[in-house]
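Novice: Sequence unavailable; structure follows:
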């Protein structure tokens, strides 16, 4: 499949060149030019956001923080994968954890509190479904920050990320291509074609393929990813449009790199200052490229989505929209889940890493039906936009899990390994090796929802927005323990959460809008598809958020600024009973508060500047854990993978006479903890990227890009265990050819 998609990509790029040679009129078509310019596509506050509302509200009218990365933005910044794109969002960080690539932390919360959407339909939380896919296939990525359960149900406390795929247009025939080569034997080929077959039918298809010896420059960690998306748009009249689409993605990471394990400073050969710990552990630069997974370890996924969207303007200001989605994914996680440092012994004078191995598989299927009826009319002289909808989701999720004890099986050479000269062994294939855990989790989830939104213009510049959602959720969770002769345990919880929001926007001047909102959200105590039987006995946690902010544009919209201040509170998280530490109860609390700011300016036709900054103060307000039979208070500690500050900036300058565009990109992320005890602190880092783009012809450009030019050694994200940290990629270079005909 990888090879097929790669050939499709390469042939489309070649076809684009042939089409240009045979059709000189294309060169005269300004729509088909690649314009190398210092002026980026500025954030358009009057652009509609389908993710933030189903009322066709503009970004300016939406009482929430909405950030959009367009395809043009991603190409200018050189973003290749979902993880890189999510990392560019102000206030967010993402990590390439093998169990959940491109997992996201946003506004002080992570994992199961960030929902992933595909064309507006919720797939699941980022800990379950997100893969590091090629962003070529996305027209844009829309991020709604803060609780969004009113729109998308449980699991949207910190926000939602909507990946909007490219779709057919009626503005003519287009052929796009991208071919790049770079460090670590990384090659990317992507292409897309849009064809206007008639005045009522248009089609689009896109393909991508990427191969790398390792995006992180790690031993035996080859990476392949591919995508193929296609859709057909039928618009027989101005009142009716029908879209039918298919998306397929797949990826594989050999070696399933778990990050760099901590070692004792006493054995480190090139200790760095990237880690601060209370027990003398360090990150050793000498181990930068080491991978301690046994041969045969890998992580991979294949997912396919079929979807349709029908929009019909009934008349009399009424319209109806119907979305149907069918989804199937298979994911494999064949990894060494534990790599814990053990003190030096006679056999291992440098210390060693004690490892376990595990095999985890996902078979994830669902179908989703959503129907929304909307009205845009005048009520008592005031414009009122209203929508009422219903949604039904039927999900089946089968999850076999096997794990060996730490230390593994010496006969299979998967026991302890030397940090500096590891003999990693071979991944066991016999079921007998997995004696610690050998279970099959089977989840059936049925969710029926009703929701409504309303936006009332009290004046032309003063808008009141409200919404509510009710979900009825039935979960059947069955666990079959194959280590206990197939013993079965079962949980059948029912949840009936209700979420609501109220907000307002007010135009102080034609270019300045202020807003405020209060919203609620619900989240299970753990990802609903992965809950233990014990966790199915708990109710959902509750969340609420307060947010105020502004959105402004000036100088003919050449200057755009947005800012916000917020507080998010989550109650009923799991903690330990103070009267019986052996018992987990729902009494914990977590909160975050912070500010965010974005600015983008086309200073001149040749110079564009942009910057974004976010500060987050996040804490466990009430939390205790059981450690070696003792209840330990974690109140006041900072949640894991939560930096207090992220700052990014960019500058683009075009030398029109050449024509060449010079780009500079700087990103700073402050430090974060890897554990709830706040024992291990990964220090902050700053990275610098740069690019030079030359417009060879109106339809062709060549770019050279350097990433992490200072070759900073830094921790990007922590995963499992808490004593492993994913080290950011070292200095690299890439050259890319882009075409648009």
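Specialist: Structure received. What you are looking at is a predicted structure, and each value in this text was computed from that prediction instead of being measured.
Novice: My read is that residue 241 contacts residue 233, right?
Specialist: Yes: between residue 241 and residue 233 there is a contact under CB atoms under 8 Å: 6.6 Å. Any C-beta I mention is one placed from the backbone N, CA and C, and that applies to glycine too.
Novice: And those two? Which one has more around it.
Specialist: For residue 241 versus residue 233, neighbours defined as other CB atoms under 10 Å are more numerous around residue 233 (22 against 17).
Novice: Identify the bridge partners of that one.
Specialist: Note on residue 233: beta-bridge partners by DSSP bridges are residue 202, residue 243.
Novice: Number the chain from 605, please
Specialist: Got it, the first residue is 605 from now on, which makes the last one we talked about residue 837.
Novice: Spit out the contact partners of it.
Specialist: Going by CB atoms under 8 Å, 6 or more residues apart in numbering, residue 837 touches 771-774, 805-808, 845-847.
Novice: what does residue 1133 give?
Specialist: Under the criterion of CB under 8 Å, 6+ apart, the contact list for residue 1133 reads 728, 732, 968, 999, 1001, 1003, 1047, 1049.
Novice: Assign a three-state SS to it, would you?
Specialist: The three-state assignment at residue 1133 reads helix, by DSSP: H, G, I helix; E, B strand; the rest coil.
Novice: Show the pLDDT at it.
Specialist: For residue 1133, the model assigns a pLDDT of 84.
Novice: hmm, back to that, between the contacts of residue 1133, which is closest to residue 950?
Specialist: Of all the contacts of residue 1133, residue 1003 has the smallest distance to residue 950: 41.4 Å, by CB to CB.
Novice: which residue packs closest to the closest one, ignoring adjacent ones?
Specialist: residue 1045 (4.1 Å; CB to CB, 6 or more residues apart in numbering).
Novice: May I have the beta-bridge partners of that neighbour?
Specialist: Here residue 1045, judged by DSSP bridges, has bridge partners residue 1003, residue 1083.
Novice: Return the distance of it relative to residue 1145.
Specialist: 21 Å (CB to CB, to the nearest Å).
Novice: hang on, the earlier thing: I'd like to know how far the residue nearest to residue 1003 sits from residue 1093.
Specialist: Distance from residue 1045 to residue 1093, counting by CB to CB: 10 Å.
Novice: Same check on residue 773?
Specialist: Taking CB to CB, one finds residue 773 at 52 Å from residue 1093.
Novice: which stretches of the stretch 955-1104 of the chain have low pLDDT?
Specialist: Applying pLDDT under 70 to the stretch 955-1104 of the chain flags the ranges 1011-1018.
Novice: could you pull out the strands for it?
Specialist: 956-983, 986-1007, 1041-1063, 1066-1085, 1091-1095, 1098-1099, 1102-1113 (DSSP state E, counting those that start in this stretch).
Novice: closest one to residue 1030 among those strands?
Specialist: Of all the strands of the stretch 955-1104 of the chain, strand 956-983 sits nearest to residue 1030, with 10.2 Å by CB to CB.
Novice: Next, the angle from the closest one to strand 1041-1063.
Specialist: Orientation check (axes from the mean of the first three to the mean of the last three CA atoms, to 10 degrees): strand 956-983 against strand 1041-1063 gives 30 degrees.
Novice: counting contacts, what elements does strand 956-983 pack onto?
Specialist: On a contact count with 3 or more CB pairs under 8 Å, 6 or more residues apart in numbering; DSSP states H and E, strand 956-983 meets strand 725-729, helix 730-733, strand 922-946, strand 986-1007, strand 1041-1063.
Novice: CSV for these, including distance to residue 1249 and mean neighbour count?
Specialist: Below are the helices and strands packed on strand 956-983 laid out as CSV (distance: least, CB to CB, whole Å; neighbours: other CB atoms under 10 Å):
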stretch, distance to residue 1249, mean neighbour count
strand 725-729, 25, 25
helix 730-733, 22, 24
strand 922-946, 30, 19
strand 986-1007, 37, 18
strand 1041-1063, 34, 18
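Novice: Could you export these as JSON lines, including distance to residue 1078?
Specialist: Shown next, in JSON lines, are these (distance: least, CB to CB, whole Å):
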{"stretch": "strand 725-729", "distance to residue 1078": "17"}
{"stretch": "helix 730-733", "distance to residue 1078": "19"}
{"stretch": "strand 922-946", "distance to residue 1078": "19"}
{"stretch": "strand 986-1007", "distance to residue 1078": "10"}
{"stretch": "strand 1041-1063", "distance to residue 1078": "5"}
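Novice: Let me know which of those is the nearest to residue 954.
Specialist: The nearest among the helices and strands packed on strand 956-983, by CB to CB, is strand 922-946 at 10.3 Å.
Novice: And that closest one, what does it pack against?
Specialist: strand 725-729, strand 864-865, strand 902-919, strand 956-983.
Novice: still on that earlier bit, for ChimeraX, write a command that selects the buried ones of the contacts of residue 837.
Specialist: In ChimeraX syntax, the buried subset of those is picked out as below (16 or more other CB atoms under 10 Å):
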select :771,772,806,807,808,845,847
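Novice: Could you export the contacts of residue 837 as TSV, including pLDDT and distance to residue 1041?
Specialist: Shown next, in TSV, are these (pLDDT from 0 to 100; distance: CB to CB, whole Å):
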residue	pLDDT	distance to residue 1041
771	96	43
772	97	47
773	96	50
774	95	54
805	97	53
806	98	51
807	98	47
808	98	45
845	97	50
846	98	47
847	98	44
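Novice: The contacts of residue 837 into CSV, with extra columns for distance to residue 649?
Specialist: Converted to CSV, the contacts of residue 837 look like this (distance: CB to CB, whole Å):
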residue, distance to residue 649
771, 23
772, 27
773, 23
774, 26
805, 33
806, 29
807, 32
808, 28
845, 26
846, 30
847, 26
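Novice: Name the member of the contacts of residue 837 with the shortest distance to residue 918.
Specialist: So of the contacts of residue 837, ranked by how close each gets to residue 918 (CB to CB), first place is residue 845, at 13.5 Å.
Novice: helix or strand for the closest residue to the closest one other than its chain neighbours, which one?
Specialist: Nearest in space to residue 845, with sequence neighbours left out and distances taken as CB to CB, 6+ apart, is residue 839 at 4.5 Å. Remark: residue 839 resides in strand 827-841, with elements defined by DSSP states H and E.
Novice: chain center to that strand, what's the gap?
Specialist: 20 Å (CA atoms, centre = their mean, to the nearest Å).
Novice: and that strand with strand 902-919, angle?
Specialist: 10 degrees.
Novice: buried residues in strand 827-841?
Specialist: 827-839.
Novice: swap in stretch 1145-1153?
Specialist: Buried residues in stretch 1145-1153, defined by neighbour count with 16+ other CB under 10 Å: 1145-1149, 1151, 1153.
Novice: Look at the residue in the chain sticking out farthest from the centre and give its secondary structure.
Specialist: The C-alpha centroid of the chain is most remote from residue 950, which lies 45.1 Å away (CA atoms, centre = their mean). Three-state assignment for residue 950 (three-state DSSP): coil.
Novice: from the middle of its chain, how far away would the helix or strand harbouring residue 1343 be?
Specialist: Under the criterion of DSSP H and E, residue 1343 resides in strand 1336-1344. The chain centre lies 24 Å from the centre of strand 1336-1344; the measure is CA atoms, centre = their mean.
Novice: just checking, what packs against that strand?
Specialist: Using 3+ CB pairs under 8 Å, 6+ apart: strand 1336-1344 touches helix 606-626, strand 778-786, strand 790-800, strand 1304-1311.
Novice: Mean pLDDT lowest where, among the ones you listed?
Specialist: Minimum mean pLDDT among these: helix 606-626, a mean of 38.
Novice: Tell me what residue 1213 is bridged to.
Specialist: residue 1205, residue 1255.
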